[in-house]
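Asks: Here's my sequence, what's the structure:
(chains A, B and C)
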Amino acid sequence: MKKSFKEKVYELCRAIPKGKVATYGQIARLADKPKAARAVGAYMRMNPDSPNTPCHRVVASDGSLTGYSGTGGVTGKKKMLLAEGVNFIGSRVNLSWSKWNN
DNA sequence: ATTTTGACTTAAG
DNA sequence: GCTTAAGCCAAAA
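Replies: Sure thing, here's the model as predicted:
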């Protein structure tokens, strides 16, 4: 049985512990395709507010919040992450403290 | 099958 | 720190 790349991506999104964040590149790497960061983002766009896929815990490689078609856009995403205990530096996530699987 | 597009990443100036 | 360029992946038309 082979799992599709996207299934792994969704599963990894769900696997991100509360209060932590992962980068697209990190997820892509864990999903067996280290260069598929763009594809990961594409899947996130498909499922921005699905209750099963907390895509808001996924950020860019430098901790900047990108995209997010959900409520409030990146602003809502930032607030959500703050509510989960993720530390922010200005408009970026402090990956030094909150990066998942680090 | 080909082209376009997109929530990416890294390197270089 | 910001901009430009190139690379790579998958879905949709």
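Asks: quick one, what contacts A:Gly67?
Replies: A:41, A:44-45, A:74 (Cβ atoms under 8 Å, 6 or more residues apart in numbering). Just so you know, the C-beta spots here come from the backbone N, C-alpha and C atoms, and that holds for glycine as well.
Asks: Not counting sequence-adjacent ones, nearest residue to the residue most central in space within chain A?
Replies: Geometric centre of chain A, nearest residue: A:Val58, 1.1 Å, by Cα atoms, centre = their mean. Closest residue in space to A:Val58, ignoring its immediate chain neighbours: A:Ala22 at 5.6 Å, by Cβ to Cβ, 6 or more residues apart in numbering.
Asks: Just confirm that neighbour is within a helix.
Replies: No: read with DSSP: H, G, I helix; E, B strand; the rest coil, A:Ala22 is strand and lies in no helix.
Asks: Distance-wise, check it relative to A:Lys6.
Replies: Distance of A:Ala22 to A:Lys6, computed by Cβ to Cβ, to the nearest Å: 16 Å.
Asks: Close to DNA strand B: what parts of chain A are there?
Replies: Within chain A, the residues that sit near DNA strand B (Cβ under 7 Å from any atom of the strand) are A:23-25, A:37-42, A:44-45, A:47-48, A:55-56, A:58, A:60-62, A:66-70.
Asks: related to what we said a few turns ago, burial count for the residue nearest to A:Val58?
Replies: 25 (other Cβ atoms under 10 Å).
Asks: Just give me the neighbour total for the nearest residue to A:Asn47 once chain neighbours are set aside.
Replies: Leaving aside its chain neighbours, A:Asn47 sits nearest to A:Thr53 (4.9 Å; criterion: Cβ to Cβ, 6+ apart). Look at A:Thr53: counted by other Cβ under 10 Å, it has 20 neighbours.
Asks: who touches A:Thr53 in this structure?
Replies: A:10, A:13-14, A:44, A:47.
Asks: for these, which one is nearest A:Val86?
Replies: Closest approach between the contacts of A:Thr53 and A:Val86, by Cβ to Cβ: A:Cys13, at 14.9 Å.
Asks: helices or strands next to the helix or strand containing that closest one in the packing?
Replies: Mapping A:Cys13 onto the secondary structure by DSSP states H and E places it in helix A:5-15. Helices and strands touching helix A:5-15, by 3 or more Cβ pairs under 8 Å, 6 or more residues apart in numbering; DSSP states H and E, are helix A:24-30, helix A:37-46.
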